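Enquirer: kindly generate the corresponding structure for this input.
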Amino acid sequence: MLYYAIVFFVIAVIAAIFGFGGIAAGAASIAKILFIVFVILFIGSLLFGALRR
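Expert: This is a model prediction of the structure:
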């Protein structure tokens, strides 16, 4: 999940450099959503892992 967030972030940066504003905004928003989902799943796995011990 984090891999895909980084990929979309890189796509957004490259699109912004070349002047494609719409594509850059879309890719940045996808990367932001994927990163938030990753953080939520990571914290959830930490909490459930700590509860099992």
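Enquirer: Gly44 sits in which helix or strand?
Expert: Secondary structure here is read from DSSP states H and E; on that basis Gly44 sits in helix 21-52.
Enquirer: any idea how far that helix is from the chain center?
Expert: Taking CA atoms, centre = their mean, to the nearest Å, the mean C-alpha location of helix 21-52 is offset from the chain mean by 5 Å.
Enquirer: could I get the buried residue list for the helix or strand that contains Ile6?
Expert: The secondary structure element spanning Ile6 is helix 2-17 (assigned by DSSP H and E). Along helix 2-17, these residues count as buried under the neighbour rule (16 or more other CB atoms under 10 Å): Ala5, Phe8, Phe9, Ile11, Ala12, Ala15. Using the backbone N, CA and C atoms, a C-beta is placed for each residue, glycine as well.
Enquirer: how about these in a markdown table, adding distance to Ala31 and pLDDT?
Expert: Formatted as a markdown table, the entries for the buried residues of helix 2-17 read as follows, by distance: CB to CB, whole Å; pLDDT from 0 to 100:
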| residue | distance to Ala31 | pLDDT |
| --- | --- | --- |
| Ala5 | 5 | 86 |
| Phe8 | 4 | 88 |
| Phe9 | 4 | 89 |
| Ile11 | 8 | 90 |
| Ala12 | 6 | 90 |
| Ala15 | 12 | 91 |
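Enquirer: which of the residues you listed sits closest to Ala24?
Expert: Checking those against Ala24 by CB to CB gives Ala15 as the nearest, at 3.9 Å.
Enquirer: surely that closest one meets Ala24?
Expert: Yes - with contact defined as CB atoms under 8 Å, Ala15 and Ala24 form a contacting pair (3.9 Å).
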